[in-house]
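Novice: Need coordinates for the below:
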Amino acid sequence: LAGGAQFLGGVLPLDQGLINVNNPSEALVLALAGMLSTSAFVFPVLKERKWEEEDVGRAATSILLLQDLAVAPLLVLLPFVVGKGLTDPVAITELTLKATL
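Specialist: Purely as a prediction, here's the structure:
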């Protein structure tokens, strides 16, 4: 784990104040943003290496599409997560269902 922390410390400028995470909500938002941006990087690599039609390419595509489908409910829930949106659980559930279906 120490090697991974050193690698991340070299890649992410956390100690220079460029990314300042003050609470778990901010950490969650950053993690979700990172998770949802992977499609933009992976699809070109799959195409470049001609893995689109292989089992590994189909599996990666399935996972990436599921992540992309998660965008709508996450956008609905994001204001609630950061504490600046609806606080009524029924309204949040209704909006999330509408965004998902």
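Novice: make it CA atoms for all contacts and neighbour counts henceforth
Specialist: Noted.
Novice: Helix or strand next in line after the helix or strand of the chain with the lowest mean pLDDT, which one?
Specialist: Lowest mean confidence among the helices and strands of the chain (mean pLDDT, DSSP states H and E): helix 2-11, at a mean of 60. Downstream of helix 2-11, the next assigned helix or strand under DSSP states H and E is helix 24-36.
Novice: who does that next one touch, helix- and strand-wise?
Specialist: With contacts taken as 3 or more C-alpha pairs under 8 Å, 6 or more residues apart in numbering; DSSP states H and E, helix 24-36 sits against helix 55-69, helix 71-81.
Novice: Tell me what angle whatever helix or strand comes next after that helix forms with helix 55-69.
Specialist: Using DSSP H and E, the helix or strand that follows helix 24-36 in sequence is helix 38-48. If you take axes from the mean of the first three to the mean of the last three C-alpha atoms, to 10 degrees, helix 38-48 sits at 160 degrees to helix 55-69.
Novice: Name the residues of helix 38-48 that are buried.
Specialist: If you call a residue buried by 16 or more other C-alpha atoms under 10 Å, then helix 38-48 has these buried ones: 39, 43, 46.
Novice: With adjacent residues omitted, what lies nearest to the last one?
Specialist: Counting by C-alpha to C-alpha, 6 or more residues apart in numbering, Glu52 is the residue found nearest to Leu46 once chain neighbours are left out, at 5.6 Å.
Novice: do the first one as well
Specialist: Closest residue to Ser39 apart from its sequence neighbours, by C-alpha to C-alpha, 6+ apart: Leu64 at 5.8 Å.
Novice: could you measure that neighbour against Glu54, distance?
Specialist: Going from Leu64 to Glu54 by C-alpha to C-alpha, to the nearest Å gives 15 Å.
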